[in-house]
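>>> 3D model of this:
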Amino acid sequence: MKSAEPLKERDLEPQFEALLRVLLGRVPFLKLVSLRKDAKISPRSHDRADRLAHVTAGDRKWTLVVEEKRLGQPREVRIAALQLERYLKHLPEDVPHYGVLLAPFISEESAKICSEAGIGYADLAGNARLSFDQIFIETRAPENPFREKRETRSLFGPRATRVLRVLLQGPLRTWKVTELAESARVSVGWVSAVRQQLLSREWAAEEPGGLRVTKPTTVLEAWVKADDWEKRTRTHEYSVLINEPLELAEKLKSALADEPPVFTQWLAGWLRHPYTTPVVVTAYVKRFPDEALIKERLLGRRVSGGGGRLRLVLPKDEGVLHPQQTAQGFQLVSDVQIYLDLQRAGLRAEEQAEELKRWPDFAGGWA
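Model prediction:
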């Protein structure tokens, strides 16, 4: 399937059965003897497997215990692995057995959990790994065609990312729900939603002091993939006669003294951790200034189609401005926001972004 739509529970059962039959049919000497749905594991157990398959591999009989999940996120997979482990213990010892997990999509992280638990897996995107008897099947698809769009939006939408910016500000620490809501300037409900998403992906952990991000780099990389500069900003570009970036930034700060600009992209990255010389000055503003002010104070004029040395950006959500930091007297967005804003900006922006992220003091330090 090429659809990127999430699958409903009722749609999955026939697809899972077809997936299992096709997968087992790929091995010439493997024969599917029977396949039962919602089957009792054994007479001595009350547990019921989603599916129970009896197969023969050559002259050996095997029992495959199948667990099916609508979501293949790490937390769900880890729970499924524990369920399969319990089920397998109830099977007769004289019959070889093997656990298999089926889901719409199993990421590399979830696949690793399965491998470490000694169970097989397969998904509707084409990823699979079965390893029992003389059988070994392993395939890997490049991406997830069944991505849960609503969940992705909820985790990387404007209000949710306000929470992420706070959580990713180092040194990483634990946060209580109410404390995090106050710091991120969102409702407790939004914090709870983000918390659930992070825990289900195993990107954060619940500790005695509250929630703490445990995989900040993974969170940031996923955020980069979901981020869309064009959708979350409006940008005006200006051609100016001032060539020196710091001089231009200083004059802009003076011109907008009543509502100071907050710098990002090249200049902000360079001020935090110099790498590439900034050729464009970019700053978030609360409103675009009059053209006359740009002409009089900055010796510039608005241009279209790119090429300007000054970019003023109006954010659609002011959450990008919190938290802020100061460097050499200039207000900057957080390191996490600088990194996001540099993505796909051109002019060696990605190099500056990666160098900034590798810096030990990035975002206050994640070690």
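>>> for the rest of this, base every contact and every neighbour count on C-alpha atoms.
Fine.
>>> okay, which residue is most central for the chain?
For the chain, the residue nearest the mean C-alpha position is residue 222 (2.8 Å; CA atoms, centre = their mean).
>>> and that residue, which of the three is it?
Classification of residue 222 using DSSP: H, G, I helix; E, B strand; the rest coil returns helix.
>>> so it versus residue 24, what's the distance?
34 Å (CA to CA, to the nearest Å).
>>> need the three-state assignment for residue 171.
Residue 171 is classified as coil under three-state DSSP.
>>> contacts only, for it.
Residue 171 makes contact with 363, 364, 365, 366, 367, according to CA atoms under 8 Å, 6 or more residues apart in numbering.
>>> I'd say the third one and residue 173 touch.
To tie it back to what came earlier, the one meant is residue 365. No - counting by CA atoms under 8 Å, residue 365 does not reach residue 173; the two are 11.1 Å apart.
>>> common neighbours of these two, please.
Shared contacts of residue 365 and residue 173, defined by CA under 8 Å, 6+ apart, are absent.
>>> who are the contact partners of residue 134?
Contacts here follow CA under 8 Å, 6+ apart; on that basis residue 134 touches residue 57.
>>> going forward, begin numbering at 17 instead of 1
Let's use 17 as the start, then, which means that last one is residue 150.
>>> care to break this protein down by domain?
25-155, 165-242, 245-361 (automatic domain parsing).
>>> next, the distance between the ends of the last one.
Translated: domain 245-361. 9 Å.
>>> about what we covered before: the contacts of residue 187, buried ones only, as a ChimeraX selection?
Applying 16 or more other CA atoms under 10 Å to those, the buried members can be selected in ChimeraX as follows:
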select :379,382
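>>> looking at the contacts of residue 187, which is nearest residue 322?
Residue 322 lies nearest to residue 379 out of these, by CA to CA, at 29.9 Å.
>>> between the two ends of stretch 356-374, how far is it?
One end of stretch 356-374 to the other measures 14 Å (CA to CA).
>>> got the buried residues for it?
Under the neighbour-count criterion of 16+ other CA under 10 Å, stretch 356-374 has 356, 357, 358, 359, 364, 365, 366, 368, 369, 371, 372, 373 buried.
>>> ok, stretch 304-319 next?
Those would be 310, 314, 316, 317, 318, for stretch 304-319 by 16+ other CA under 10 Å.
>>> now that stretch: mean pLDDT?
The pLDDT scores in stretch 304-319 average 94.
>>> one more: stretch 68-76?
The model assigns stretch 68-76 a mean pLDDT of 91.
>>> which helix or strand lies directly C-terminal to the worst-scoring helix or strand of the chain on mean pLDDT?
Least confident helix or strand, the chain: helix 165-172 with a mean of 64, by mean pLDDT, DSSP states H and E. Later in the chain than helix 165-172, the nearest helix or strand by DSSP states H and E is helix 174-183.
>>> and the next helix or strand past that next one?
Past helix 174-183, the next helix or strand by DSSP H and E is helix 193-200.
>>> packing partners for the helix or strand following that following helix?
Per DSSP H and E, the first helix or strand lying C-terminal to helix 193-200 is helix 204-216. Applying 3 or more CA pairs under 8 Å, 6 or more residues apart in numbering; DSSP states H and E, one finds that helix 204-216 makes contact with helix 90-105, helix 165-172, helix 174-183, helix 193-200, strand 220-223.
>>> could you rerun that using 10 Å?
helix 90-105, helix 165-172, helix 174-183, helix 193-200, strand 220-223, strand 226-229 (3 or more CA pairs under 10 Å, 6 or more residues apart in numbering; DSSP states H and E).
>>> which of the ones you listed comes out lowest on mean pLDDT?
helix 165-172 (a mean of 64).
>>> any idea which of the buried residues of stretch 304-319 is closest to residue 134?
Among those, and counting by CA to CA, the member closest to residue 134 is residue 318, at 61.7 Å.
>>> quick check, residue 106 in contact with residue 79.
No - taking contacts as CA atoms under 10 Å, residue 106 lies outside contact range of residue 79: 11.9 Å.
>>> higher neighbour count, the two?
The neighbour count for residue 106 versus residue 79, taken as other CA atoms under 10 Å, is higher for residue 79 (22 against 15).
>>> residue 60: neighbour count?
The burial count for residue 60: 10, using other CA under 10 Å.
>>> over to residue 78?
The burial count for residue 78: 20, using other CA under 10 Å.
>>> checking it next. Helix, strand or coil?
Assignment for residue 78 (three-state DSSP): strand.
>>> sorry, back to before: okay if I get the helices and strands packed on helix 204-216 as TSV plus mean neighbour count and distance to residue 54?
Below are the helices and strands packed on helix 204-216 laid out as TSV (neighbours: other CA atoms under 10 Å; distance: least, CA to CA, whole Å):
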stretch	mean neighbour count	distance to residue 54
helix 90-105	18	13
helix 165-172	15	29
helix 174-183	21	38
helix 193-200	18	39
strand 220-223	16	33
strand 226-229	20	37
